[in-house]
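**Q** got a structure for you, letters missing:
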């Protein structure tokens, strides 16, 4: 059982452990770069990939489901944010804070970056997408881990939600 992240006719299929690694390293970067409303909505989308809350094998998203913005400028800015976040994650940003060495993270991030680079956002997301609304954006930060989280809806960030000793 695994999870799929798709876009532009490509997909990144990850095992449950691979999904955790991918989201963890991306979330560390997104948390440090997010500044505006759209960036915090994207962070909220990533918090929804926490399998310890949502269930194993029950997460993933397609780039077509994301509301990239109404104008070409907004869409370009949003896409740039995702690419900058992936690039920061690829630089091993804050990986020492994880309780494990993230195996295969570079490969996942490179494949995701390739998908995003080739994706052309449209003005309207595909119907039925689960991209968080502006009211659902992640604005709370876990004080212990300095990671954007779904607080106050969940009790902590992805690092808090995992039981100690979760193996990967």
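**A** It's in. No experiment lies behind these values; they were computed from the predicted model shown.
**Q** where does the protein have its least confident helix or strand?
**A** Scoring the helices and strands of the chain by mean pLDDT, DSSP states H and E places helix 51-54 at the bottom, with a mean of 63.
**Q** Next SSE downstream of that helix?
**A** helix 72-90 (DSSP states H and E).
**Q** what about that following helix, distance to the chain center?
**A** 12 Å (CA atoms, centre = their mean, to the nearest Å).
**Q** And it, what's buried?
**A** The neighbour-count check on helix 72-90 (16 or more other CB atoms under 10 Å) flags 75, 78-79, 81-82, 85-86, 88-90 as buried. Any C-beta I mention is one placed from the backbone N, CA and C, and that applies to glycine too.
**Q** One more: stretch 34-47?
**A** 34, 38-47.
**Q** OK, contacts around residue 133?
**A** By CB atoms under 8 Å, 6 or more residues apart in numbering, the contact list for residue 133 reads residue 41.
**Q** Return the distance of it relative to residue 30.
**A** From residue 133 across to residue 30, the span is 18 Å (CB to CB, to the nearest Å).
**Q** What of residue 94?
**A** 11 Å.
**Q** Residue 4 too?
**A** Applying CB to CB to residue 4 and residue 30 gives a distance of 20 Å.
**Q** Name the residue in these two with the higher neighbour count.
**A** Comparing residue 4 with residue 30 by other CB atoms under 10 Å, the one with more neighbours is residue 30, at 27 against 13.
**Q** For whatever helix or strand the more buried one lives in, what is the distance to the chain centroid?
**A** Taking DSSP H and E as the definition, one finds residue 30 inside helix 16-33. Distance of helix 16-33 from the chain centroid (CA atoms, centre = their mean) equals 6 Å.
**Q** Identify the residue nearest the geometric centre of this protein.
**A** residue 46 (3.3 Å; CA atoms, centre = their mean).
**Q** My read is that that one contacts residue 28, right?
**A** No - using CB atoms under 8 Å as the test, residue 46 is too far from residue 28 to be in contact (10.2 Å).
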